[in-house]
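>>> With the input below, show me the fold.
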Amino acid sequence: MVTLAWSPQAFQLGQPLRGTSSHFRCYMQGGEEVQPQSLMLPQRFPTIETPPSEVLESQLQALRMGDIPCVYRLFSRARKLIFEDGCRMDLRDARVKPERIHSAVATVLVSSCPGLLGHHSSEVVASLCDPAPEPGLLPKWTFRVKVRTSMDLNRHYFFTLTRQSPFDGGDPRDCDGFERCWFVWSITLDDDRGGSERLEEAPTPTLLPA
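Down below sits the predicted model:
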């Protein structure tokens, strides 16, 4: 199993891929240029009534369309903070530009989740919920998703969603209006060959700057 490198070191220590930016005009996938599109979500999405399966479907659609800002928007509160803190140049960098964060997200996706960005289709093949976690842990829901890449290969990913905690009066960043909503915590590539194909047979895309 290959785990997506979600730590800040994933994009601090290595050289970023060419042109990784939230403003890239296209990316190369299988020798063809793919034009990213924008996924139009309601401003108040998700809500406390939105099931995790619907959040997952929106995330998969954003990944399929190459909409990096929307992909980032659907990450959990804790995941966003990890990316924000990892993108700070130093302690004086209080406000990180969204472009820098989106660039980091694109870099991690392209290098650690080959075939996911710009994929052709997806199908949820299994799901497992944890409605009663241990004290101190957030409820989570894990989905196993079969993805058909643009190279016509099958791959499987695990998407883990967590339900955000209510605001307890502590960190003001936790009071974001999305308390008790489901968001994507992590994406894990399941190295089971997705059927019969080998992972190295599908090249990762190259992002081209605008």
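
>>> Tell me where the chain is predicted with low confidence.
1-36, 131, 172, 192-210 (pLDDT under 70).

>>> at 50 instead, please
Scanning the chain for pLDDT under 50 picks out 1-31, 194-210.

>>> show me where it has helices.
Along the chain, counting by DSSP state H, helices occupy 9-12, 52-65, 68-73, 77-87, 98-112.

>>> Just list what the fourth one packs against, helices and strands only.
Packed against helix 77-87, as judged by 3 or more Cβ pairs under 8 Å, 6 or more residues apart in numbering; DSSP states H and E, are the following elements: helix 9-12, helix 98-112, strand 182-190. To be clear about C-beta, it is placed using only N, CA and C from the backbone, and glycine gets the same treatment.

>>> make it 7 Å
Under the contact definition 3 or more Cβ pairs under 7 Å, 6 or more residues apart in numbering; DSSP states H and E, helix 77-87 sits against helix 98-112.

>>> okay, the helices of the chain in TSV with mean neighbour count and distance to residue 160 next?
Converted to TSV, these look like this (neighbours: other Cβ atoms under 10 Å; distance: least, Cβ to Cβ, whole Å):
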stretch	mean neighbour count	distance to residue 160
helix 9-12	16	17
helix 52-65	20	10
helix 68-73	21	15
helix 77-87	17	10
helix 98-112	20	15
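
>>> Which residues are in contact with residue 46?
55, 181, 182 (Cβ atoms under 7 Å, 6 or more residues apart in numbering).

>>> would you turn those residues into TSV with distance to residue 93?
Formatted as TSV, the contacts of residue 46 follow (distance: Cβ to Cβ, whole Å):
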residue	distance to residue 93
55	30
181	28
182	30
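
>>> re the thing from before, tell me which of the helices of the chain sits nearest to residue 169.
With Cβ to Cβ as the criterion, residue 169 lies closest to helix 77-87 of the helices of the chain, at 15.5 Å.

>>> measure the residue in the chain sticking out farthest from the centre to residue 175 for me?
What lies farthest from the middle of the chain is residue 169; by Cα atoms, centre = their mean that is 28.1 Å. According to Cβ to Cβ, to the nearest Å, residue 169 stands 9 Å off from residue 175.

>>> cool, and residue 156?
For residue 156 relative to residue 175 (Cβ to Cβ), the value is 36 Å.

>>> So which of these two has more stuff around it?
residue 156 (20 against 13; other Cβ atoms under 10 Å).

>>> Ignoring the adjacent residues along the chain, who's closest to the more buried one?
Leaving aside its chain neighbours, residue 156 sits nearest to residue 190 (4.1 Å; criterion: Cβ to Cβ, 6 or more residues apart in numbering).

>>> can I assume that neighbour is in contact with residue 158?
Yes. Here residue 190 reaches residue 158: they are 5.9 Å apart, a contact under Cβ atoms under 7 Å.

>>> how close does the residue nearest the centre of the chain sit to residue 89?
Geometric centre of the chain, nearest residue: residue 71, 5.3 Å, by Cα atoms, centre = their mean. Per Cβ to Cβ, residue 71 is found 23 Å from residue 89.
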